[in-house]
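Colleague: Please work out how this folds:
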Amino acid sequence: PPSGAFLAQLAPDQMMQLQQLGVEVVVPGVVPPGFGVARVAMDDGEYAIVYRDDQNRCFGVQFSKDPVDSPAANQQQPVSSPLFPGADYGLNYDPPEDNPSRLFSDWLPGSQGAYRLLGAPDINALQGLSACRNVDLETAIPILESFTTVSPEIMGDGDPP
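Modeller: Numbering: from 1, shown residues only. This next block holds a predicted model:
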């Protein structure tokens, strides 16, 4: 993680930029060992945070003000997110032998848009990273279920108290 990083392994300046978007920022509360922030992309009030490890396994968190559904995947694993209670959500995926094997969650609705977990094909296509491979389901599910909001108090203003 970068020097001074804390929640979701984001550096203070990255946290500040996310806060300035003016939307509720959702990050993974659990980042698996060995993963670090590979890219933070922001555009027109939307964002994506991409994590990568040294084996090119990637996952991301995406926020969209106007989410577009992805084409259906072959399989779905039900998940429950304490941050998004009261609805049925799924982690959608294709078998690993499919190429590309997709991995993404259903959109999780927030007050200003929706959030989802991204897998490698979407990261490679949308975020311009190459050679990303999906994390396995046993890794993806706890990440998705750990989604948490970042309050301005947690982010701080960069000045010591």
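Colleague: Provide a list of residues in contact with N124.
Modeller: When contacts are counted by C-beta atoms under 8 Å, 6 or more residues apart in numbering, N124 touches P100, S130, A131, C132. Yep, even glycine has a C-beta here, placed from its N, CA and C like the rest.
Colleague: which parts of stretch 100-108 are buried?
Modeller: S101, R102, L103, F104, S105, D106, W107, L108 (16 or more other C-beta atoms under 10 Å).
Colleague: could you measure the nearest residue to the first one once chain neighbours are set aside against C132, distance?
Modeller: Read that as S101. Once flanking residues are discounted, S101 sits nearest to D94: 4.6 Å by C-beta to C-beta, 6 or more residues apart in numbering. Computed with C-beta to C-beta, to the nearest Å, the distance linking D94 and C132 is 15 Å.
Colleague: Tell me which of these two has more neighbours.
Modeller: C132 (24 against 18; other C-beta atoms under 10 Å).
Colleague: which ones are touching that one?
Modeller: So C132 contacts R52, N56, R57, C58, A120, I123, N124 (C-beta under 8 Å, 6+ apart).
Colleague: now, the most widely separated pair of the residues you listed?
Modeller: Comparing every pair within the contacts of C132 by C-beta to C-beta identifies R57 and N124 as the most remote, at 12.5 Å.
Colleague: three-state assignment of the residue lying closest to P28 once chain neighbours are set aside?
Modeller: Excluding its sequence neighbours, the residue lying closest to P28 (C-beta to C-beta, 6+ apart) is I143, at 4.9 Å. Here I143 takes the helix state, with states given by DSSP: H, G, I helix; E, B strand; the rest coil.
Colleague: Number of residues surrounding I143?
Modeller: 23.
Colleague: pretty sure it contacts F35?
Modeller: No: at 9.2 Å, I143 does not count as touching F35 under the criterion of C-beta atoms under 8 Å.
Colleague: which neighbours do these two share?
Modeller: F59.
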